[in-house]
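Participant: sequence and predicted structure below; questions after.
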Amino acid sequence: MLGPSTVLVTGGAGFIGSHTAVELLDHGHEVVIVDDYSNSSPGAVERIAKVAGRPPAAAYEADLLDRRALTEVFDNHSFDAVVHFAAKKAVGESVRLPVEYYDINVGGTTALLRAMREHEVHRLVFSSSCSIYGDTTKVPLTEGDPARPTNPYATTKWLCERILTDVCRYVPELSVLALRYFNPVGAHPSGLLGEVPNGVPNNVMPYLAQVADGRLDRLQVFGDDYPTPDGTGVRDYVHVMDVAEGHRMALEHLDDKPGMSVFNIGTGRGTSVLELVSAFSHAAGTPIPYEITGRRPGDVAELIADATAVARAWGWTTSRDLAAMVEDAWRFQQMNPAGYPN
Ligand code: UDP
């Protein structure tokens, strides 16, 4: 079990990154953040310090593809491990901007691996995604199920996993844990930390929150003709605090075995878009207007995790249900209607 560590968190100002930074600080680890603030803001770093009661050791505004800047970060600290979140993450956007997705997600990961290698850092927790399973009807999904990505975003995550698996074969001292999370949502229960996308949200939960408080007119429900009970897409929503705990546990288990391991991070329960709308409107105490529109390119019907492997490996299970997810997301929206102050 890895003890107190100095951890580089790439994308540490982002949604999952900021919650993970707090979880790491709460458990005695030192955190250094690198973020280009392309879909986040420095305000998140201030909130991390406020929630954790102490600040990260440092926060750098840098793009992983800026080799000189990344080298400087590694020169300034002695990292025990890296938790790598920095990436683009919107399915719809990836269909429009595939080259940007390959450049930032795959190129960013190889740039990071290069810096790790040059500075003899051998431990990595990688942010992967259930979207790699893609075109499947199997429910629930285990780590051994085949990857069939259906959009550039998912393909970048799959390619990164392949690269990491291959690099681990040739660099025996490297240990990598890739976490395939299903749909992280919710917020820190304090209401101080949450999901703050720049511009109009791409993901359903922050979009719903902005419809509930009147900033956006209505949710577009992308398709009601999927082979699911109510025809809308089913996902395994998982509370971001459970996901953050998963990353902290992953970090502490990196030395369990060398090489690459992969774990699903989800609840094992599916929720349709309409069920999510209903749960959110219950939490917000207001009806949420929505309209059914066509399917979103690259989307699939249903993705639900079998997360028993990670439960067996480290005892990680979820402890927060859908009601907590929507309540916490709504509290954050109400307390921070315009996101973090800059
Ligand atoms: N979705 C929707 N309207 C939106 C955004 C998303 O109906 O404005 C649906 C989407 O088709 C999928 C689910 O909500 O079935 C979750 O989408 P999201 O983008 O949040 O995450 P993804 O599963 O694509 O990673």
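Facilitator: Cool, got the structure. Residues are numbered from 1 along each chain as shown.
Participant: check which helix or strand the nearest residue to residue 315 once chain neighbours are set aside maps to.
Facilitator: Nearest non-adjacent residue to residue 315, counting by Cβ to Cβ, 6 or more residues apart in numbering: residue 249, 7.9 Å away. Yep, even glycine has a C-beta here, placed from its N, CA and C like the rest. According to DSSP states H and E, residue 249 maps onto helix 240-252.
Participant: does that helix reach the ligand?
Facilitator: No. Using Cβ under 6 Å from any ligand atom, helix 240-252 never reaches the ligand; the gap is at least 12.8 Å.
Participant: elements contacting that helix?
Facilitator: Judged by 3 or more Cβ pairs under 8 Å, 6 or more residues apart in numbering; DSSP states H and E, the packing partners of helix 240-252 are helix 15-26, strand 81-84, strand 123-129, strand 175-181, strand 183-185, strand 259-265, helix 308-314.
Participant: can you list the strands that the third one pairs with?
Facilitator: The strands that strand 123-129 pairs with in its sheet are strand 81-84 (parallel), strand 175-181 (parallel) (by DSSP bridges).
Participant: contacts (any at all) between the ligand and the last one?
Facilitator: Just to be clear, that refers to strand 175-181. No. Strand 175-181 does not reach the ligand (Cβ under 6 Å from any ligand atom); its nearest approach is 9.4 Å.
Participant: start at 192, not 1
Facilitator: Sounds good: first residue 192 from here, last item strand 366-372.
Participant: average pLDDT for that strand?
Facilitator: Summarised as a single mean, pLDDT over strand 366-372 is 98.
Participant: tell me who's in contact with residue 431.
Facilitator: Applying Cβ atoms under 8 Å, 6 or more residues apart in numbering, we find residue 431 in contact with 206, 207, 210, 375, 376, 377, 378, 379, 386.
Participant: surely the fifth one and residue 429 touch.
Facilitator: Yes. Residue 376 lies in contact with residue 429 (Cβ atoms under 8 Å); the separation is 7.4 Å.
Participant: now the common contact residues for the two.
Facilitator: Contacts common to residue 376 and residue 429, judged by Cβ under 8 Å, 6+ apart, are residue 516.
Participant: closest point of the chain to the ligand, which residue?
Facilitator: In the chain, the residue that lies nearest the ligand is residue 424 (2.3 Å; Cβ to the nearest ligand atom).
Participant: coming back round to it: can you say which of the helices and strands packed on helix 431-443 is nearest to residue 231?
Facilitator: helix 206-217 (7.6 Å; Cβ to Cβ).
Participant: would you mind listing what in the stretch 342-491 of the chain touches the ligand?
Facilitator: Those residues of the stretch 342-491 of the chain that sit near the ligand, judged by Cβ under 6 Å from any ligand atom, are 374, 393-395, 398, 410-413, 424, 426, 464, 487, 490.
Participant: pull the longest helix from this structure.
Facilitator: helix 343-361 (DSSP state H).
Participant: can you lay out the helices and strands packed on helix 431-443 as JSON lines showing mean neighbour count?
Facilitator: Shown next, in JSON lines, are the helices and strands packed on helix 431-443 (neighbours: other Cβ atoms under 10 Å):
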{"stretch": "helix 206-217", "mean neighbour count": "26"}
{"stretch": "strand 272-275", "mean neighbour count": "26"}
{"stretch": "strand 314-320", "mean neighbour count": "25"}
{"stretch": "strand 366-372", "mean neighbour count": "25"}
{"stretch": "strand 374-376", "mean neighbour count": "25"}
{"stretch": "strand 450-456", "mean neighbour count": "21"}
{"stretch": "helix 499-505", "mean neighbour count": "16"}
